[in-house]
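*Asks:* generate a structure from the sequence data that follows.
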Amino acid sequence: MNIKGKKVLVFGSGISGTAAGRLLLCQGAKVVLYDGNVSLDKEKIHAQIAGGTAGEVEVILGELPLEVLDSLSLTVISPGVPTDLPIVEEMRRRKIPIWGEIELAYVFGKGEVLAITGTNGKTTTTALLGEIMKEAGKDTFVVGNIGNPYTDIALETKSDSVIVAEMSSFQLETVHTFRPKVSAILNITPDHLNRHHTMEAYIEAKEKIAGNQTKTDFCILNYEDEVTRKFGEKIEAEVLFFSSQRKLKRGVYLENGSIVFDLGEKIQLCHVEELQLLGTHNYENVMAAAAMAFSYGIPIESIQKTVKKFKGVEHRIEFVAEKNGVAYYNDSKGTNPDAAIRGIRAMKRPTLLIGGGYDKESSYEEWIQSFDGKVKKLVLIGATKEKIAETAEKLGFKDVVLADTFEEAFSLCVEMAAPGDAVLLSPACASWGMFKNYEERGDKFKELVNQL
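*Replies:* Down below sits the predicted model:
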């Protein structure tokens, strides 16, 4: 698509929006950056996009005048912007193409994409796959929901580049021609229903990752997830399943503690005790990353070498330190109940758990039920604390303490913990309202631990 001299609206001034603006400017577009937040600094946003170039950038804050739509050739919408806003509906009515930053980067970038989505495990799987590809000598870029906008590196990619991309449902909503060579859906459980409104809409967004794939592409799916198992029956791409619960006739599975590839002949990837990752969910992440790499043509010996030395990602069941006989774990990335259940299951000690945060309209019953005698105290914070406390009370879990601040919750855990216990930050909720993001929340936890 030639956008030189054409007016393109970038909706949203966050990391994705400013990166999209820079890419568009490099392609000669006239960029209009719009954000509804009137308190933002126009000059700062302009500098982040234009960066001293003579490119044409207009910044609009507050309400978007409808006459701006009259001359638009394209809108690039940031992942944080709901696609059902009245102004977005008006753009559709006017037949203005609406792309997300993923579509934009894909159209102007080169190389092949290996894309990962799922409710949980995306970041670990993406980071591991990125390491596998780098160790195998590929020109690798790790992008997407992992924190590095695809649009920031798209123009650096070459025909032999490999782009390993973590995709959220918000990013996948606005793809059109995006077609990864290898895709993966790790699992699908309720999340972001405040945005998607229905489970069906959330599933539909996730499944768009493989929507344009053909018979020459690959899709890696979790056999133990009913949604992904059924999805495997209706797509064109060649499907490879993984399972942590059973032996598959063809696929990647866990057998007697070993991860096995069975694609006509059996090949042992490794024993789980050789891994530096905890928990069955992480064994699934390893299976998915290994299956993606193998499907792409990376030799099994190279994959084996990387998975054994991979140490995981920050903020995901991350061991911080042991202080006075108490182990502290940062699982700030446990931003929904299903992810937080995995955090609890990985604990080997009696646990004091910090939970609560922003309300994404999740249900907390299964999370509470997963405590299974392991959680000594549940210390709750944020907008969801009363809702979670009521759920715990209904289910007969009474060891609940409410705190007004994050620091207070941490101090209470330190006071109540005994040698041999663990303190786990695994909130089952997003961080918004108290923190900018889960990283900031996890960093604060680690700072408090290290001050002990």
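*Asks:* and residue 139, how far is that from residue 160?
*Replies:* For residue 139, the distance to residue 160 equals 6 Å [C-beta to C-beta, to the nearest Å]. Glycine gets a C-beta too; all of them are placed from N, C-alpha and C.
*Asks:* and those two? which has more neighbours close in?
*Replies:* When neighbours are counted by other C-beta atoms under 10 Å, residue 139 comes out ahead of the other of residue 139 and residue 160, with 15 against 10.
*Asks:* in contact with that one, which residues?
*Replies:* 111, 158, 160, 161, 162 (C-beta atoms under 8 Å, 6 or more residues apart in numbering).
*Asks:* among those, name the buried ones.
*Replies:* For those, burial is judged from neighbour counts taken by 16 or more other C-beta atoms under 10 Å, and it is met by 111, 161, 162.
*Asks:* of the residues you listed, which belong to strands?
*Replies:* Secondary structure from DSSP state E places 161, 162 of these in strands.
*Asks:* surely residue 291 is in a helix?
*Replies:* Yes. Assessed by DSSP: H, G, I helix; E, B strand; the rest coil, residue 291 belongs to a helix.
*Asks:* and stretch 97-110, which residues are buried?
*Replies:* Residues of stretch 97-110 classed as buried: 98, 99, 100, 101, 102, 103, 104, 105, 106, 107, 108, 109 (neighbour count, 16+ other C-beta under 10 Å).
*Asks:* now do stretch 406-414
*Replies:* Applying a neighbour-count criterion of 16+ other C-beta under 10 Å, the buried positions in stretch 406-414 are 406, 409, 410, 412, 413, 414.
*Asks:* need the nearest residue in space to residue 152, chain neighbours excluded.
*Replies:* residue 19 (4.4 Å; C-beta to C-beta, 6 or more residues apart in numbering).
*Asks:* quick one, what contacts the one you found?
*Replies:* Contacts were defined as C-beta under 8 Å, 6+ apart; by that measure residue 19 touches 101, 149, 151, 152.
*Asks:* over to residue 319?
*Replies:* 327, 328, 329.
*Asks:* which element is the residue nearest to the last one when sequence neighbours are not counted on?
*Replies:* Looking back up the chat, that one is residue 329. Excluding the flanking residues, the one nearest residue 329 by C-beta to C-beta, 6+ apart is residue 424, at 4.7 Å. Using DSSP states H and E, residue 424 sits in strand 422-425.
*Asks:* give me the mean pLDDT for that strand.
*Replies:* Along strand 422-425, the predicted local confidence has a mean pLDDT of 98.
*Asks:* can you check stretch 141-155 too?
*Replies:* Taken as a whole, stretch 141-155 carries a mean pLDDT of 91.
*Asks:* got the domain ranges for the chain?
*Replies:* According to automatic domain parsing, the chain comprises the domains 7-96, 103-309, 318-450.
*Asks:* quick one: closest of those domains to residue 1.
*Replies:* Distances from residue 1 to each of those were compared using C-beta to C-beta; the shortest belongs to domain 103-309, at 5.9 Å.
*Asks:* how far does the closest one stretch from start to finish?
*Replies:* One end of domain 103-309 sits 34 Å from the other (C-alpha to C-alpha, to the nearest Å).
*Asks:* and stretch 203-222, by the same measure?
*Replies:* Criterion C-alpha to C-alpha; first-to-last residue distance in stretch 203-222 is 14 Å.
*Asks:* hmm, back to that, my guess is the residue nearest to residue 152 is in a strand, correct?
*Replies:* No. When classified by three-state DSSP, residue 19 is found to be helix rather than part of a strand.
*Asks:* ok, back up a step: who touches both of residue 139 and residue 160?
*Replies:* With contacts taken as C-beta under 8 Å, 6+ apart, residue 139 and residue 160 have residue 111 as neighbours in common.
*Asks:* pLDDT weak spots in the stretch 51-200 of the chain?
*Replies:* Applying pLDDT under 70 to the stretch 51-200 of the chain picks out residues 52-55, 190-197.
*Asks:* list the contacts for the residue lying closest to residue 111 once chain neighbours are set aside?
*Replies:* Here the nearest residue to residue 111 in space, its sequence neighbours aside, is residue 161; by C-beta to C-beta, 6+ apart that works out to 3.1 Å. The neighbourhood of residue 161, defined by C-beta under 8 Å, 6+ apart, consists of 110, 111, 112, 138, 139, 140, 141.
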